[in-house]
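> Whatever this is, show me its structure:
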Amino acid sequence: MSKRAAIVWFRRDLRLHDNEALNDALKHGDEVLPVYIIDPREWRGTLPLTGLPRIGPHRARFVLESIADLRESLRNRGADLIVRVGYPEELLPELSKQCRASWVFCNRERTREELRVQNEVEQNLWSIGREVYYSRGKLLYYTSDLPFPITQTPDTFTLFRKETERLTPVREPIAIPNRIPFPTGTGIESGEIPDVTEFGLAPPPHDERADITWVGGETAGLDRLVYYLFDNQAIATYKETRNGLSGSDFSTKFSAWLAQGCLSPKRVYAEIKAYETKNGANDSTYAVVYELLWRDFFRLMGKKHGERIFQKNGFSEKEHTEWSTDRNLLRRWMDGQTGTPFVDANMREIARTGYMSNRGRQNVASYLVNDLKLDWRLGAEYFEHILIDYDVTSNWCNWQYAAGVGTDPREKRYYNILSQAERYDPKGEYVRLWCPELEDVPEEYTHQPDQLSPSQQRDCDLHIGDSYPAALVGSTQWRTKKGRKQRASRSARG
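Predicted coordinates:
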């Protein structure tokens, strides 16, 4: 009797733990062929507004490391990972013929490029008598467990959270299989994992100022999870430290592994519950779960509203004609040459490491939209290109949120950059780390060097407009607004 084969098409679920597609394939097939396809439309494609590569060097390296780690894990369980560069809609039907697979199992994606590809895959497989089975892998909650259909998901996070937390359980993560039966005698070669240079990208150099060394893959992701929760128990103070700017443990740093599916959100949740059982729950442990809920909310917004999350005016009825696409302003923002140190420090960090704190992301987004008056989609595209932890719906919905055109009803989300800098970097240590030309500037001027007189600039070996750029937005603007807000607050108190 011939054995039945199934293909598992790995996408953004680069793990063996809690992998429903893999689990389903093992239930249906006697043999399983794991496959990963590097689609040149994504890896060599460019973004429509900025012309930037869709995938920058930091994420490219991380993903390739994750693929290599997945292959090693599969080999340790008697299987292998078939790696190809090409179009899934062409390669999967051919591979299914070679191994005589009846089914292809994969994680369903919901945004535009991914939807187009999986629809073509399904059509081409159907034409040769093969079936595609879709699984869930990105969400904390199963959509079938939610107290509402996707089309009726609340458009505000607070309502979503309250309805979901009250009624919806989080399922237990699926265990890692001990052994994966692999087809033999098919003539299918495993294939080489390419290098970033094969996609026209330079290998990103390591920067010693980076908070952590990012290593792609399930192994590193699980190690980070254990370290943060149990070895260092940094989760116990997460709520107090999460707005930090520098350091390995001020936040979980799970985001890159979650984005590529190296970590399952259900596994993270299960480990948090294990930590709480052992050490007790507090506001900080809940705050991490709260962030997982945000990921679910944004993904459901992408499923519910589709293309609308990419549109300039989003959910706003207002036409935002004030937003420009000035390339000079965009370049200075991307290069960390705006003349506003708090913005520049954050932008230099993301360019050199692929990562920036959540507090930094909120500030540089507000600066681009509200102070430079640039189209928010330019910022979203740059983040798509540069971020090591890029997640399509989290990125685009967060940028909509910052621009005031998201599903949330509040329009104006303005950050006073000077107030933020003085609050979260009171001694200027973060700024001086990434803007060393300001090292000798007196502490009270670190966040506003444009206020230094010519003689003061000479005293600290600085020349505004030469060794450090002239400010696109003068710090006086934020100081004035801060003073008005303080006076208004005192007046309200009587």
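> residue contacts, the closest residue to N178 other than its chain neighbours?
Spatially, and ignoring its direct neighbours in sequence, N178 is nearest to R77 (6.8 Å; C-beta to C-beta, 6 or more residues apart in numbering). C-beta here means a position set from N, CA and C on the backbone, and glycine is covered the same way. Shown in contact with R77 (C-beta atoms under 8 Å, 6 or more residues apart in numbering): 16, 177-180.
> any idea of the pLDDT on A488?
With respect to pLDDT, A488 scores 42.
> who wins for most neighbours among the contacts of R77?
Highest neighbour count within those, by other C-beta atoms under 10 Å: I180, with 23 neighbours.
> hang on, the earlier thing: could you work out the most separated pair of the contacts of R77?
L16 and R179 (11.3 Å; C-beta to C-beta).
> wait, doesn't T340 sit right on G474?
No. Using C-beta atoms under 8 Å, T340 is not in contact with G474; the gap is 9.1 Å.
> With neighbour numbers in mind, choose between those two.
Using other C-beta under 10 Å as the criterion, T340 and G474 rank with T340 on top: 31 against 15.
> Name all residues that make contact with the more buried one.
367, 417, 471-473, 475.
> Okay, and which of these map to helices?
Of these, the ones assigned to helices by DSSP state H are 417, 475.
> can you pick the most crowded of the contacts of T340?
Neighbour max across the contacts of T340 (other C-beta under 10 Å) = Y367, 26 neighbours.
> how near is that residue to G187?
56 Å (C-beta to C-beta, to the nearest Å).
> And V226, by the same measure?
40 Å.
> Where does pLDDT dip in the stretch 1-150 of the chain?
1-2 (pLDDT under 70).
> Next, the contact list for the closest residue in space to R242 that isn't next to it in sequence, please.
Of all residues not flanking R242 in the chain, S251 sits nearest, at 5.2 Å (C-beta to C-beta, 6+ apart). By C-beta under 8 Å, 6+ apart, the residues touching S251 are 238, 241-242, 244, 357-358.
> Same check on Y430?
Here Y430 is in contact with 245-246, 345, 424 (C-beta under 8 Å, 6+ apart).
> switch to 7 Å and redo it
245-246, 345 (C-beta atoms under 7 Å, 6 or more residues apart in numbering).
> now R4
Contacts of R4 (C-beta under 7 Å, 6+ apart): 29-30, 102.
> at 8 Å what do you get?
Applying C-beta under 8 Å, 6+ apart, the residues near R4 are 28-31, 102.
> Mind checking which of those residues are buried?
Neighbour-count burial (16 or more other C-beta atoms under 10 Å) applied to the contacts of R4 gives 29, 31.
> Take the contacts of R4 and lay them out in TSV including secondary structure and distance to N279.
Shown next, in TSV, are those (DSSP: H, G, I helix; E, B strand; the rest coil; distance: C-beta to C-beta, whole Å):
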residue	secondary structure	distance to N279
H28	helix	41
G29	coil	42
D30	coil	44
E31	strand	43
S102	strand	48
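> Regarding E72, which helix or strand does it belong to?
E72 is part of helix 57-75, with elements assigned from DSSP states H and E.
> hmm, who's touching that helix?
Counting by C-beta under 8 Å, 6+ apart, 10, 14-16, 34, 36, 43, 55, 80-81, 83, 180, 190, 193-196, 199, 201-204, 214-220, 256, 260, 262, 353-355, 386-388, 390 sit against helix 57-75.
> which among these end up buried?
When these are checked against 16+ other C-beta under 10 Å, the ones flagged as buried are 10, 14-16, 34, 36, 43, 55, 80-81, 83, 180, 193, 196, 199, 201, 204, 214-220, 256, 260, 262, 353-355, 386-388, 390.
> Mind checking the pLDDT average for stretch 162-173?
For stretch 162-173, the per-residue pLDDT averages 94.
> how about that stretch: buried residues?
Buried residues in stretch 162-173 (16+ other C-beta under 10 Å): 164, 168, 170-171, 173.
> end-to-end on it?
23 Å (C-alpha to C-alpha, to the nearest Å).
> go on, stretch 301-314?
With C-alpha to C-alpha, one end of stretch 301-314 sits 12 Å from the other.
> That stretch: how far from the chain's middle?
17 Å (C-alpha atoms, centre = their mean, to the nearest Å).
> Give me the buried positions along that stretch.
Buried residues in stretch 301-314 (16+ other C-beta under 10 Å): 301-305, 308-310, 314.
> From the residues you listed, pick the one nearest E122.
K303 (17.6 Å).
> mind checking pLDDT for L329?
98.
> Buried ones in the helix or strand hosting it, by neighbour count?
Element membership for L329 (DSSP H and E) is helix 327-335. Using 16+ other C-beta under 10 Å as the test for burial, helix 327-335 gives 329-330, 332-334.
> Could you export those as JSON lines, including distance to Q233?
Converted to JSON lines, the buried residues of helix 327-335 look like this (distance: C-beta to C-beta, whole Å):
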{"residue": "L329", "distance to Q233": "44"}
{"residue": "L330", "distance to Q233": "42"}
{"residue": "R332", "distance to Q233": "42"}
{"residue": "W333", "distance to Q233": "38"}
{"residue": "M334", "distance to Q233": "37"}
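> before we move on, back to that, over to the residue nearest to N178: give its phi and psi.
Phi and psi for R77, reported as degrees, to the nearest 10, are phi -120, psi 20.
> And the strands in the stretch 1-150 of the chain?
5-10, 31-38, 82-85, 101-107, 131-135 (DSSP state E, counting those that start in this stretch).
> hang on, isn't P88 packed against E114?
No. Counting by C-beta under 8 Å, P88 stays clear of E114, with 10.1 Å between them.
> So what's the residue count around N232?
N232: 12 neighbours (other C-beta under 10 Å).
> so what's the backbone phi/psi at it?
phi -100, psi -20.
> Figure out the helix or strand that the closest residue to it other than its chain neighbours lives in.
Closest residue to N232 apart from its sequence neighbours, by C-beta to C-beta, 6+ apart: D249 at 6.1 Å. Secondary structure assigned from DSSP H and E places D249 in neither a helix nor a strand.
> What's the local residue count around T393?
Other residues close to T393 by other C-beta under 10 Å number 21.
> sorry, back to before: the helix holding E72 vs strand 31-38, what angle?
Between helix 57-75 and strand 31-38, the angle comes out at 170 degrees (axes from the mean of the first three to the mean of the last three C-alpha atoms, to 10 degrees).
> Let me see the contact set for T197.
T197 neighbours (C-beta under 8 Å, 6+ apart): P203.
> Assign it to helix, strand or coil.
helix (DSSP: H, G, I helix; E, B strand; the rest coil).
> Fine by me, thanks again.
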